[in-house]
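K.L.:
here is my input; please provide its structure:
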Amino acid sequence: MGFDGGIARREVLVYCSGQVPRTVAGIARHLKTLPGFYPKTPGEKLGKPVRSLVAPLLSAGLLIKYTPQNSCWERAREMTTKGNRAAGNPVPRKVGELYQTNFLYSYDSHPPIISLPVPGGEMNFEANALLYHFPKPANYTWEMLNLLMAASDAKQKDDLRLHLYVLPFDYREIEFLEHVLDFGYEFREIKFPFRPSVDEAKGFLSELAVGKGSE
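P.N.:
Prediction:
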């Protein structure tokens, strides 16, 4: 029996969306829970089919690939080791590539109708680690794009930073979100068919405060 490629790719995005970058073998083991996904083949021997499966996700900018050439490689590799140990999984050896979902991507009922910006590896790794502490509210992708585009303007970024201090965040959470606002600089040249709204960005931060995690 075959497997549904669309469902498999969605599972990859869900599996790779946390703060722990994933190995090819880890993705394969996860996908083997799907009906028909190479049931007689061990996960460690599914490198070629997994790479073929995720290729469209990489092309679309929904999935980001890290290699030893990335400046964040050592930290990403360490996070993968710690994450597998914490989950009771085997520590991966001889890893030459890791995968993580684009931090802008979410599972909104109204997905983007245009391509998402592809962040650099270091930005994506850092943003996933920081945003792991907060749930993704409805329309997260658009709200995060609006926040970062608003923060690309220095004056608006200062306004948003001050707004953090009137919300019920603790010091650690404020520090996390200040780092997220710093990513706005990278979005100063991004062109989208909408003008960013500072008021909407403040509302998004307020949503994060209401549904914040306990970490």
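K.L.:
mind showing which ranges of the protein have poor pLDDT?
P.N.:
1, 107-115, 211-215 (pLDDT under 70).
K.L.:
where exactly do the strands run in it?
P.N.:
63-66, 98-101 (DSSP state E).
K.L.:
out of the ones you listed, which is closest to Glu178?
P.N.:
Shortest distance between Glu178 and those, using CB to CB, is found for strand 98-101: 22.1 Å. C-beta coordinates here come from the backbone N, C-alpha and C atoms, glycine included.
K.L.:
and the contacts of the closest one?
P.N.:
With contacts defined as CB atoms under 8 Å, 6 or more residues apart in numbering, strand 98-101 is touched by 12-13, 16-17, 21-24, 27, 54, 62-67, 76-77, 80, 124-125, 128.
K.L.:
of these, buried ones?
P.N.:
12-13, 16-17, 21-24, 27, 54, 62-66, 76-77, 80, 124-125, 128 (16 or more other CB atoms under 10 Å).
K.L.:
among those residues, which lie within helices?
P.N.:
Counting by DSSP state H, the buried ones among the contacts of strand 98-101 place 12-13, 24, 27, 54, 76-77, 80, 124-125, 128 in helices.
K.L.:
of all these, which two lie farthest apart?
P.N.:
Maximum pairwise distance among those (CB to CB): 21.2 Å, between Leu13 and Arg77.
K.L.:
what about Asn84, how many neighbours?
P.N.:
By other CB atoms under 10 Å, the residues close to Asn84 number 17.
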